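Asker: Kindly generate the corresponding structure for this input.
(one chain, ligands or ions: 1)
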Amino acid sequence: MLAHFRFRNKEMFCEDAKVADIVKESGTPAYIYSKRTFLEAFHEFDSAFSGIDHLVCYSMKANSNINLLHMLAKAGSGIDCNSGGEFFRAMKARVDPKKLIFTGVGKTEEEIRYVLQHDVLMFKAESRSELRTINAIAGEMGKIAPVGIRINPDVDPHTHPYIATGLSENKFGIDSSLAFDAFALAASLPNLRIVGIDMHIGSQITDVDPFVEACTKMAMLTLELKKAGHNIKHFDIGGGLAIPYKVEKPASPSDLAKAIIPILNVIDCKILFEPGRYIVGNAGILVTKVLYTKKHKKKNFLIVDAGMNDLIRPSLYDAYHKIRCVSLKKEDTMIADIVGPVCESGDFFARDREICKCSQGDLLSIMSAGAYGFVMSSNYNQRRRPPEIIVDGDRFYVARERETYEDLISKEQLIDELIEKV
Ligand SMILES: *Cc1c(COP(=O)(O)O)cnc(C)c1O
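Answerer: Next up, the predicted model:
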C-alpha cells in the first residue's frame, strides 16, 4: 500500500492537492484524508482474498466519517459497527444493512431493539446472557435475530496490552471451552438463528502467526460445531492487521491470505474480515501549526495548536507517529518535544524527536492519523474538534466542519430554578 502523501518541490501534497493550500482555507489543526489511499487499501485487502468466498466489513470505529463510509460501501465493503451511534452513522451513510455486522461486548437493550428494526447480516453475541436478551427482544418484536457467537481463542497477538483482545484475561467473547454450551443455548432459543462464529484477537498485529494460531483453533472448533448440527455459514476472523507507523514491516493482506486460506478452505464458510486501521490508518494526517518554540535547560519544545484531545494515541498508548514538516525548505534539523496546548504533561505527540528546525508559524504533519484519530477526539479543555477534509485528486472537501464555540454548549443551559438560590 502506498499512501498518497508525497513531496513535490519540497512541499507536501495529499494526492494532487498542496497541504499548505488546504489548511490556508481550513485553518489548523485539521485532519486530511486521501480518498485514493483508503480505496486502494480496501481493494488491496479485498483482492488478496479473491480466491475464497468472503466479505470485508470495514470496522468503522477506526474512522466513521459518513462520506468515507459511503465510499467504502460503494466500493463493495460491508461494515462492522460497535454501538447504536455507529449504526446510526452507517445508516446515514446509506450502507446496506444486509452487509452490516453489529458487534459490541455491552450492547444495551435500546441498541438491540434499534438494530433489530433493520435486516442486518448478523449480531455478534459475546455472552450467554446477551444471547437471552437478544432472543427476548426479537421475540417481542416478532423477529428472528441472525447471530454469530464471538469466541475468545486465547491467543497472544503480541501487541500493546490495551489493544490485545483475544486473551482469556480480556473481557471479549466467550471462553472457547464454553463454546459448545453457548451454541447449544443459542440453538434452543426460538427467536435466534445461528449464522456465524467470530473472533477478534487484537489490533496493530504485525505478524501472521497469531492469526494462524487463532484461525487453526477456531477452524477446528467450527468443524466440531458443524458436526453437532449448528449451521455456521460465516466465519469472522475480525480485524487487527497492522500498518507501518515507524519502520515496522508488517505482514500484508496477501501474506495473511497465503497463511490462512489453506486453513479456511476446509471449513466451507463465507469468511468475514473486519479491518479498520489497515484501511484508513495511513490515509490520514493531522496538520498542525507551531504556535511557539521554547527551550528549557536541555530541551527544545515545539508547542503546536493540536492537542491530545485531537489525537490521543501518543498519550494513551505511547504510540509513535512520524511527524514531517509540511515544507522541507529548511535543511537544518533539531531535537525537540512536540507538545500541545492542553494542561496535561501527557499532552505530547513526540519526545526528543529529530525534526526540521521549526519556527513559529511552520506547519507540521502528524502522519498515519487516519485511524483512531478523529474518532477518539474529545472536547477536553473545551477545545473545538478539528475539521475532517477529504482530498480527491486536486480537489478537497470539508467532510466535517470544525466545531464552533456554540457546539460546545449546545446541550447545556442555565437552569433558573437550580441556580437562583446560592
Ligand atoms: C477494533 C475492532 C476491529 C478493527 O481492528 P483494527 O485493528 O483497526 O483492524 C475489528 N473487529 C472488532 C470486533 C474490533 O473491536
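Asker: What separation do you get for the most centrally placed residue in the chain and the ligand?
Answerer: By CA atoms, centre = their mean, the mean C-alpha position of the chain lies nearest to A62, the distance being 1.6 Å. Using CB to the nearest ligand atom, to the nearest Å, we find A62 at a distance of 5 Å from the ligand. Placement of C-beta: from N, CA and C, glycine included.
Asker: Identify the residues contacting the closest residue to that residue other than its chain neighbours.
Answerer: Spatial nearest neighbour of A62, chain neighbours left out: G276 (3.2 Å); criterion: CB to CB, 6 or more residues apart in numbering. Contacts for G276 (CB atoms under 8 Å, 6 or more residues apart in numbering) come out as Y58, S59, M60, K61, A62, N63, D80, S203, G239, A371.
Asker: Look at G276 and report its pLDDT.
Answerer: We have a pLDDT of 98 for G276.
Asker: Then T165?
Answerer: 79.
Asker: Make a markdown table from the contacts of G276 and add pLDDT to it.
Answerer: Below are those laid out as a markdown table (pLDDT from 0 to 100):
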| residue | pLDDT |
| --- | --- |
| Y58 | 98 |
| S59 | 98 |
| M60 | 98 |
| K61 | 98 |
| A62 | 98 |
| N63 | 98 |
| D80 | 98 |
| S203 | 94 |
| G239 | 97 |
| A371 | 98 |
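Asker: follow-up on the earlier one: the residue nearest to the centre of the chain is in contact with M376, isn't it?
Answerer: No. Using CB atoms under 8 Å, A62 is not in contact with M376; the gap is 9.8 Å.
Asker: Quickly note the distance from the residue nearest to the centre of the chain to R353.
Answerer: 25 Å (CB to CB, to the nearest Å).
Asker: got it, and L72?
Answerer: For L72, the distance to R353 under the criterion CB to CB works out to 33 Å.
Asker: Tell me which of these two has more neighbours.
Answerer: The neighbour comparison of L72 against R353 (other CB atoms under 10 Å) goes to L72, with 25 against 19.
Asker: so what's that one closest to, chain neighbours aside?
Answerer: Y58 (5.1 Å).
Asker: Next, count neighbours for the nearest residue to P157 once chain neighbours are set aside.
Answerer: Excluding the flanking residues, the one nearest P157 by CB to CB, 6+ apart is G202, at 3.5 Å. G202: 26 surrounding residues under other CB under 10 Å.
Asker: now T206
Answerer: Neighbours of T206 (other CB under 10 Å): 18.
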